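J.: what's the 3D shape of this:
(one chain, ligands or ions: 1)
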Amino acid sequence: MMTTRREFLKRTAVAAAAPSALAMACAEPSVPSPVGDPIRPLVVSTWNMGLGANEAAWEVLSAGGRALDAVEAGVRVPEGDPNEMTVGLGGFPDRDGIVTLDACIMDENGRCGSVAALEGIVHPVSVARLVMERTPHVMLVGKGAQDFAVANGFEIENLLTPDAEAAWRRWLAEQGPERPPINVENHDTIGMLAIDQAGNLSGACTTSGAGMKYHGRVGDSPIIGAGLYVDNEVGGATSTGWGEAVIRAVGCFLVVELMRQGHSPAKACEMAVDRVIAKNPDWRDIQVGFLAVNRQGEVGAFCIAPGFNYALRTSEVENVMFDAPSRI
Ligand code: SD4
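T.: Sure, this is the predicted structure:
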């Protein structure tokens with residue numbers, strides 16, 4: 001059945017809410033019933049940094065490219081931006097002053113690759129992709145991941161920028177909190193989900209992790225099923241926030257399984273947040289947000305505390321920010 005433009009706009013509920021406002025925060029899109037033509041291509045990603053990342057992904061998608069290539073190209077943008085202090089180059093270091101990066105990627109065939117606690121490489125998502133494509137493994141960590149990257153042509157660089165180092169020194173001097181706040185205050189992890197013109201889904205997630213973490217700490221972001229999960233028959237999900245809480249709930253796998261049971265992406269994200277809340281007595285002190293898309297191109301998100309937002313780009317929606325609804 002063909003979808004009329006009117007139906008399309010009703011289903012996305014986006015263009016009407018924000019006609020031309022790039023980076024304008026809107027209410028959550030209403031959750032339409034999955035009828036009509038699927039929305040494709042589409043890319044959605046976490047936080048304000050998702051705007052620039054979506055543009056890079058959109059170049060791939062609008063040219064008929066593969067969702068896998070789109071998500072890699074997209075998240076490489078914040079990875080390479082020294083001003084994004086929670087992803088890639090310029091990311092906050094751990095408490096020993098060392099920048100360690102986590103990333104993963106997953107394609108429409110359920111193939112996936114991941115790196116964790118990787119030092120000195122600006123684009124961990126691309127290393128994760130090579131783990132997927134050139135090894136029999138899913139995950140490489142630490143020195144092994146770095147050796148693999150170098151063997152595949154990546155250069156080791158200093159990722160600690162003066163600004164990030166200064167933040168770390170301030171934290172040391174002030175004996176900062178064991179768990180610094182993770183929310184809009186420090187614009188976190190980028191998780192991206194894309195559907196290409198062929199209707200295939202892929203996702204990527206990349207981060208410098210929780211700032212001032214213990215050296216060697218790995219969060220949810222590079223863990224398939226926690227920080228990212230994609231099932232081409234159902235949809236995909238990605239997460240941001242306090243990774244330990246997401247890992248305990250295997251959050252993104254849970255979101256995808258809830259969509260498989262028939263829940264909309266928005267409802268699935270809400271139910272997964274409630275699971276996290278139920279399992280973490282300290283939930284009022286943490287942030288966790290989920291972002292999901294189903295095969296139909298419906299997008300939804302939910303988080304514990306206000307502040308989590310995401311950027312959506314489709315052929316009808318010009319890269320607009322949405323605030324995720326929250327439990328608090
Ligand atoms: C982590 N989930 O390392 C990441 C950090 C993050 O929003 O996403 N914060 O726990």
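J.: and Asp94, what element?
T.: In this structure, Asp94 sits in neither a helix nor a strand according to DSSP states H and E.
J.: what about it, distance to the ligand?
T.: Here the criterion is Cβ to the nearest ligand atom, to the nearest Å. By it, Asp94 lies 11 Å from the ligand. From N, CA and C alone the C-beta is placed, and that goes for glycine too.
J.: Give me the phi and psi angles of the residue lying closest to Pro265 once chain neighbours are set aside.
T.: Spatial nearest neighbour of Pro265, chain neighbours left out: Gly300 (3.3 Å); criterion: Cβ to Cβ, 6 or more residues apart in numbering. Dihedral angles of Gly300 (phi, psi; degrees, to the nearest 10) stand at phi -150, psi 160.
J.: Could you count how many residues lie near Gly300?
T.: Around Gly300 sit 30 other residues, with neighbours defined as other Cβ atoms under 10 Å.
J.: Surely it is in contact with Val273?
T.: No. The pair Gly300 / Val273 is not scored as a contact, 11.2 Å apart, by Cβ atoms under 8 Å.
J.: Overlap of the contact sets of these two?
T.: Residues touching both Gly300 and Val273 (Cβ atoms under 8 Å, 6 or more residues apart in numbering): none.
J.: mind checking how far Phe92 is from Asp69?
T.: According to Cβ to Cβ, to the nearest Å, Phe92 and Asp69 sit 29 Å apart.
J.: now Ile247
T.: 28 Å.
J.: quick one: secondary structure of the residue of the stretch 1-150 of the chain found nearest the ligand?
T.: Using Cβ to the nearest ligand atom, Asp102 is the residue of the stretch 1-150 of the chain that sits closest to the ligand, at 6.2 Å. Secondary structure, DSSP: H, G, I helix; E, B strand; the rest coil: Asp102 is strand.
J.: show me what contacts it?
T.: Shown in contact with Asp102 (Cβ under 8 Å, 6+ apart): 114-118, 124, 206-209, 218-219, 221-222, 227.
J.: per-residue confidence at it?
T.: Looking at Asp102, its pLDDT stands at 98.
J.: Checking the residue lying closest to it once chain neighbours are set aside next. Helix, strand or coil?
T.: Spatially, and ignoring its direct neighbours in sequence, Asp102 is nearest to Pro222 (3.9 Å; Cβ to Cβ, 6+ apart). In the three-state summary, Pro222 is assigned as coil, counting by three-state DSSP.
J.: Just the strands from the protein, written as ranges.
T.: For the chain, strands defined by DSSP state E occupy the ranges 25-26, 42-46, 101-106, 112-118, 139-141, 190-195, 201-207, 228-231, 235-241, 288-294, 299-303, 309-314, 320-323.
J.: any idea which of those strands scores lowest on pLDDT?
T.: For the strands of the chain, where the average pLDDT is lowest is strand 25-26, sitting at a mean of 48.
J.: So which residues on the stretch 101-250 of the chain come close to the ligand?
T.: 182, 188-189, 207, 209-210, 219-221, 240-243 (Cβ under 6 Å from any ligand atom).
J.: could those be laid out in CSV, adding neighbour count?
T.: Shown next, in CSV, are those (neighbours: other Cβ atoms under 10 Å):
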residue, neighbour count
Ile182, 25
Asp188, 30
Thr189, 30
Thr207, 29
Gly209, 28
Ala210, 26
Gly219, 27
Asp220, 33
Ser221, 33
Thr240, 32
Gly241, 29
Trp242, 25
Gly243, 29
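J.: distance between stretch 274-290 and the chain's centre?
T.: Here stretch 274-290 is found 18 Å from its chain centre; the criterion is Cα atoms, centre = their mean, to the nearest Å.
J.: Report the buried residues of it.
T.: Neighbour counts using 16 or more other Cβ atoms under 10 Å place 275-277, 280, 283, 286-290 of stretch 274-290 among the buried residues.
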